[in-house]
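>>> this one's structure only:
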RNA sequence: GCCGGCUUAGCUCAGCUGGUAGAGCAACCGCCUUGUAAGCGGUAGGCCGUUGGUUCGAAUCCGACAGCCGGCACCA
């Protein structure tokens, strides 16, 4: 008489099964529909294979495609395995490595055969085809527990050096499993679907290829990665591809060109040429941020673009970041007729990669009393960093950028209050742009300066400040990120969520005790002795370049009226209305509205289309009728509302509210 | 920096296996005075990224370099 296992189901019922029984057996016992729909099982909360026998009494929940998160994870992981098998079928000699699921699909990293070279996009269609064949074959996926030695031996015998290396390094005590699909197998923790046929042949697509370092380390071999997107059914795949197309339409590089905001060119790659319309956005943002910072007790300064290398040596940047700094010889003249003239003993200078050392130098002028603290020094600081070329990306990653930077010099006791106040300032700013955001605390990295006690303290201060602001909650996406901090301090990060759900890290505040020490910043305390201030580095936009890029993508170019470079266009229908159009425009301009007129000899359809594509918030159409009646026909961009005819003053009153910056509205 | 791809008119893109370039839109010039997302006709516009090579001949084939795109790594 064998012992029976008691399996509890989510509805509260309990089934008794023989040892050796599996979740699949239970699904079958409940009904054929469920047996077919079941993808995997949660056994005591752990996601498991449908065919893995119970090991004792257990709580069981069968996972179907209705459990979307689990189902997608399973399906994507399976697609990755099928991809690996397909590639090995088509390209014998290819080594497999890793293939996880991602946010929208999966990838797998391969080491292609020595005589083949990396995979290219041209390979993708035939790999997809092979994947469909594998799915159609409907091969069962079987879990097997192997010993480490078996694994290493098997992979070595099959020329799988990467897998063998990995198997040798897996932590002791872990159950090592392989999943077998017919003749093919991969070492994998699982779980997997019961068979390849559970995948939909039309719900995935291989999207791109790229290089990726083995184990993510630049020092290692470059592998060939194949990305795919994978879903539960064809409809989801189509929706996803559609979302990608929509996202591409928001691309700030494309909109920046179409809207004539800025351009980039080879001769200054990684630095932005702002055009009048783009710089108008910048100026509005800058004016807004100045008001916010003035109002929050910051004082703005301006510091040198170029400083002597000795200064950077002292601050520590020379040692750590010299590779990414633009360095120039301090020699006059530095050219001669026969070429460059740079002597051996030249002094070096560097363009500033950040503002903080200069701010410490300002702080150090004169003697500071504890009564003066906190001192908040702000700067719209233009910095240069010689970024790795492969990292450059439109406005999002540039070599010259301007930060809404500030450093708060304060006492230990003032840290929490200053950080708390910053949380509130950042909150008002992000809300003014309609962003939701989450706050993360990036904790100590492996490589760092300072003692563990200092780190304990610094982390706790930031944590407390966010708690005191009432923002260390789920509502604010509060989360701690181990290992993500800067080498000198933990940092709080603000991650914006844009209109299509992408996140962007923009704001930050971090406490720094290292730099004041290195640059010997001090204040005189109550006791008459010298003390080190703590320095809080902080920014809200991050950089103007990147923030504008994010705004363009967030609004899909349709900036709110207060940021729109041109807020209204007066477009005529007939030339008889030209004078009236000029009159209307003059009136708006006198009220501070950025307005243009369009009196070209074109049909109104044409003008409407053009200004709509240019994302002008308001189009005021004037014809004979409006000229006679003193009205305008208002067409608001992106509004479903039908154009309406209204008096100029009424319209102006309405637009003035919208055209004012959020902090200037009543 | 690493892997792959790309680079032709202001923009978007054609140009097969080598015979010194083509479209649409934009621009300019006319006609049309127009009522809410492209009126019609015409004209002009190109060192085919740069540079070496192969060839009688290169936008086209090969190499180097640069920039861009997608990733990887990096992001004080």
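Noted; the coordinates are in hand. Computed from a prediction, not measured in an experiment: that's the story for all the values here.

>>> And chain A, split by domain according to the record?
With domains defined by automatic domain parsing, chain A comprises A:5-64, A:69-246, A:273-303+A:369-546, A:568-664.

>>> Adding mean pLDDT, mean neighbour count and distance to RNA strand B, write these out as CSV.
In this view, the C-beta of every residue, glycine as well, is placed from N, C-alpha and C. Converted to CSV, the domains of chain A look like this (pLDDT from 0 to 100; neighbours: other Cβ atoms under 10 Å; distance: least, Cβ to the nearest atom of the strand, whole Å):
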stretch, mean pLDDT, mean neighbour count, distance to RNA strand B
domain A:5-64, 92, 16, 25
domain A:69-246, 94, 17, 3
domain A:273-303+A:369-546, 96, 18, 2
domain A:568-664, 94, 17, 3
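
>>> Which among those is found nearest to residue A:262?
Nearest of these to residue A:262, taken as Cβ to Cβ: domain A:273-303+A:369-546 at 4.2 Å.

>>> Report the distance from that closest one to the chain centre.
Put simply, domain A:273-303+A:369-546 sits 17 Å off its chain's centre (Cα atoms, centre = their mean, to the nearest Å).

>>> Could you pull up the residues touching the closest residue to residue A:615 other than its chain neighbours?
The shortest distance from residue A:615 to any residue other than its chain neighbours is 4.6 Å, reached at residue A:557 (Cβ to Cβ, 6 or more residues apart in numbering). Residue A:557 is in contact with A:250, A:255, A:258, A:259, A:615, counting by Cβ atoms under 8 Å, 6 or more residues apart in numbering.

>>> doesn't residue A:613 make contact with the third one?
Yes: because the distance of 7.2 Å satisfies Cβ atoms under 8 Å, residue A:258 is recorded as touching residue A:613.

>>> and residue A:440, what are its bridge partners?
residue A:479, residue A:493 (DSSP bridges).

>>> With distance to residue A:320 added, can I get the domains of chain A in a markdown table?
Below are these laid out as a markdown table (distance: least, Cβ to Cβ, whole Å):
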| stretch | distance to residue A:320 |
| --- | --- |
| domain A:5-64 | 43 |
| domain A:69-246 | 17 |
| domain A:273-303+A:369-546 | 8 |
| domain A:568-664 | 38 |
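
>>> returning to what we had before: which one of the contacts of residue A:557 has the most neighbours?
Most neighbours among the contacts of residue A:557, by other Cβ atoms under 10 Å: residue A:259, with 23 neighbours.

>>> just how off-centre is the longest helix seen in chain A within its chain?
Assignment by DSSP state H gives helix A:68-90 as the longest helix of chain A. Its chain's C-alpha centre and that of helix A:68-90 lie 26 Å apart, by Cα atoms, centre = their mean.

>>> Show the contacting residues for residue A:102.
A:76, A:227.

>>> Which helix or strand lies directly C-terminal to the longest helix of chain A?
Next along the chain after helix A:68-90, taking DSSP states H and E as the criterion, comes strand A:95-96.

>>> where does that following strand sit relative to the chain's centre, distance-wise?
30 Å.
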